[in-house]
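K.L.:
Predicted model and sequence follow; I will ask about them next.
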Amino acid sequence: MRERQSCFNQAGRLLGLLLAWGIAVLVASATPARAQPGIVAGPFQYEGNTYYVLEEATWTESEAAARAMSGHLISINAAAENEWVFQNLTPHCTSYNGIWIGLNDEAVEGRWVWSSGQPVDYTNWWTGEPNGGTGENWVHLYPVGHNEASFWNDNSNVPTSINGSVEIEGVSPVLTATPTCPTGGPIRIEWSGATGGGQAALIFARNTGSFIIPNNYPCAGTQLGLGSNQIQLAWQGGAGPDGSRTLNASAGPGACGGHVQLLDLTPCVTSNVVRIE
């Protein structure tokens with residue numbers, strides 16, 4: 001697959017909803033009645049895995065969004081991991097109730113399982129929990145600042161009340177970009193942590209969000225941290241042998257205020273989102 005580069009300085013002129021791959025232009029499918037929750041913060045790295053915090057949504061919507069990112073809601077297997085999630089992820093929560101984790105007894109009341117399929121070797125219930133019966137089958141972790149901070153509670157699948165989480169096996173790429181605005185000009189974009197020697201795509205969009213790559217295109221079903229406004233392929237090519245690369249390009253003023261994200265095309269894993277400043 002040869003390298004492909006669209007003019008970054010033309011980003012401000014593009015209209016509509018499109019994502020170019022090769023010579024094809026993708027027109028996104030109809031927007032669902034309720035969009036999947038977007039990324040609030042991340043990626044974070046812990047014990048060889050990658051984590052994100054998502055917008056507030058139901059447990060079911062959060063798990064679907066995590067699967068679209070090739071992961072699941074977080075599985076917590078030890079006190080040290082619980083403390084790391086509490087200290088590093090919950091400060092980014094917008095919900096007073098904290099963050100959904102993958103524990104649930106939706107299938108069989110009282111039989112708690114992780115959505116990832118991992119064994120349940122550790123729990124951190126608040127005193128008297130779980131106590132919700134068949135109406136509260138999904139678990140969240142209380143955030144920093146809550147009276148029951150770091151402990152777990154079973155809850156109902158309440159719409160837009162609790163932030164989602166994502167745990168992805170392995171380390172996701174990390175993306176950085178040098179400042180170039182407000183006038184535009186030279187910009188250096190670097191990343192590390194991608195598949196060594198594999199193909200990667202750098203995607204630009206005007207806004208952040210939860211754009212899902214439709215069927216029949218590379219990494220179909222993968223959720224990006226980008227919105228649909230002026231979304232386009234800015235660059236596609238190979239990473240270095242160690243999974244890193246530096247691109248020296250020129251960004252026009254129309255790119256200022258936009259966002260870029262790297263998509264590792266081998267495992268279909270995304271990087272963090274970077275704002276062009």
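P.N.:
Received the coordinates, thanks. Numbers count the residues shown, from 1 in each chain.

K.L.:
for A64, helix, strand, or coil?
P.N.:
Following DSSP: H, G, I helix; E, B strand; the rest coil, we place A64 in the helix state.

K.L.:
How confident was the prediction at it?
P.N.:
Here, the pLDDT recorded for A64 equals 88.

K.L.:
Could you do the one 10 residues further on as well?
P.N.:
According to the prediction, I74 has pLDDT 97.

K.L.:
Pull out the buried residues from stretch 75-82.
P.N.:
Neighbour counts over stretch 75-82 (16 or more other CB atoms under 10 Å) mark 75-76, 81-82 as buried. (C-beta placed from N, C-alpha, C; glycine too.)

K.L.:
closest to Y52 among the residues you listed?
P.N.:
S75 (14.3 Å; CB to CB).

K.L.:
okay, and the helix or strand of the chain with the least pLDDT?
P.N.:
Least confident helix or strand, the chain: strand 24-27 with a mean of 32, by mean pLDDT, DSSP states H and E.

K.L.:
Now the element after that strand, going C-ward?
P.N.:
strand 39-46 (DSSP states H and E).

K.L.:
in its sheet, what does that following strand sit against?
P.N.:
Applying DSSP bridges to the sheet, strand 39-46 is found paired with strand 49-57 (antiparallel).

K.L.:
so is the residue nearest to G197 when sequence neighbours are not counted in a helix, a strand, or just coil?
P.N.:
Spatial nearest neighbour of G197, excluding adjacent residues (CB to CB, 6 or more residues apart in numbering): P241 at 5.5 Å. Assigned by three-state DSSP, the conformation of P241 is coil.

K.L.:
cool, V85 as well?
P.N.:
With three-state DSSP as the basis, V85 sits in helix.

K.L.:
I figured it hits I99, correct?
P.N.:
Yes: counting by CB atoms under 8 Å, I99 is a contact partner of V85 at 7.4 Å.

K.L.:
Common neighbours of these two, please.
P.N.:
Common contacts of V85 and I99 (CB atoms under 8 Å, 6 or more residues apart in numbering): 74, 141, 165.
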